[in-house]
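Engineer: everything below, folded, please.
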Amino acid sequence: MLPFARGHGYAKEAAKAALEWIEKYFDIPYLIGTVEVDNIPSQKVLEYCGFQLIDVRNLLVHIMNEQLDFKYYRYRLDKSL
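Structural biologist: Numbering: from 1, shown residues only. A predicted model of the protein is given here:
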């Protein structure tokens, strides 16, 4: 988000709305969210929305051709799992 829009809850609102839409229209068991370990605001958005931290993983960022550490989150859509 652009700096002037940060800190107003817009990302939380957008993420919650997207999750509601996904749950309504898609039959999938879960979603995966990845966030760079230093990106605390985005981690807070995922956690606010109910994503559970699973692990820290070293992933390839193709556009940069670099391996970076990311926090790896899961959001269960199928609550029976």
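
Engineer: who are the contact partners of residue 55?
Structural biologist: 71, 72 (CB atoms under 8 Å, 6 or more residues apart in numbering). The C-beta positions use only the backbone N, C-alpha and C, and glycine is treated the same way.

Engineer: this protein: strands as residue ranges?
Structural biologist: Secondary structure of the chain (DSSP state E): strands at 30-36, 52-61, 66-76.

Engineer: gap between the most centrally placed residue in the chain and residue 65?
Structural biologist: Closest residue to the average C-alpha location of the chain: residue 33 at 3.5 Å, with CA atoms, centre = their mean. Here residue 33 is placed at a distance of 23 Å from residue 65 (CB to CB, to the nearest Å).

Engineer: next, format the strands of the chain as JSON lines and append mean pLDDT and distance to residue 6.
Structural biologist: Below are these laid out as JSON lines (pLDDT from 0 to 100; distance: least, CB to CB, whole Å):
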{"stretch": "strand 30-36", "mean pLDDT": "96", "distance to residue 6": "15"}
{"stretch": "strand 52-61", "mean pLDDT": "96", "distance to residue 6": "22"}
{"stretch": "strand 66-76", "mean pLDDT": "97", "distance to residue 6": "19"}
